[in-house]
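Chemist: Here is my input; please provide its structure:
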Amino acid sequence: MHMLLVIAGGVILLGVFALFGKLWGADVAGIAAGARLFIPVWLVIAITNMWVGVTKAGYTVAQELPILAVVFIVPAILAAALAWQLAK
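Modeler: The predicted model follows:
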């Protein structure tokens, strides 16, 4: 359940980045830039989530790596698809 909440949080954060991209860029190129900027920020957040799982929840790195992959990849693919579609 926690993994789904983190992924949902990533999708919501992507929406926030896209919104701020629209506000600062005033066009679809700004939204695409916001989506591209979201990806490295989301990587840091996903790694932090993994670190908390290892240090506080008692999971091993081997147990957390597949979760890190899913938690990062799902919102990152959405962001990349958004940026790619808007760049056309």
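
Chemist: got a pLDDT number for residue 28?
Modeler: We note a pLDDT of 89 for residue 28 in this prediction.

Chemist: tally of neighbours for it?
Modeler: By other Cβ atoms under 10 Å, 16 other residues sit near residue 28. Backbone N, C-alpha and C define where each C-beta goes, glycine included.

Chemist: try the one 4 residues further on
Modeler: Number of residues near residue 32 (other Cβ under 10 Å) recorded here: 22.

Chemist: That one is in contact with residue 81, isn't it?
Modeler: No. Applying Cβ atoms under 8 Å as the test, residue 32 and residue 81 come out as separate, 10.9 Å apart.

Chemist: Tell me the spacing between residue 59 and residue 69.
Modeler: Distance of residue 59 to residue 69, given as Cβ to Cβ, to the nearest Å: 14 Å.

Chemist: So between those two, which is more surrounded?
Modeler: Between residue 59 and residue 69, counting by other Cβ under 10 Å, residue 59 is the more crowded of the two (15 against 12).

Chemist: list the contacts for the more buried one?
Modeler: Going by Cβ atoms under 8 Å, 6 or more residues apart in numbering, residue 59 touches residue 53.

Chemist: In stretch 77-84, which of the residues would be classed as buried?
Modeler: Of the residues in stretch 77-84, 78-79, 82-83 count as buried by neighbour count, 16 or more other Cβ atoms under 10 Å.
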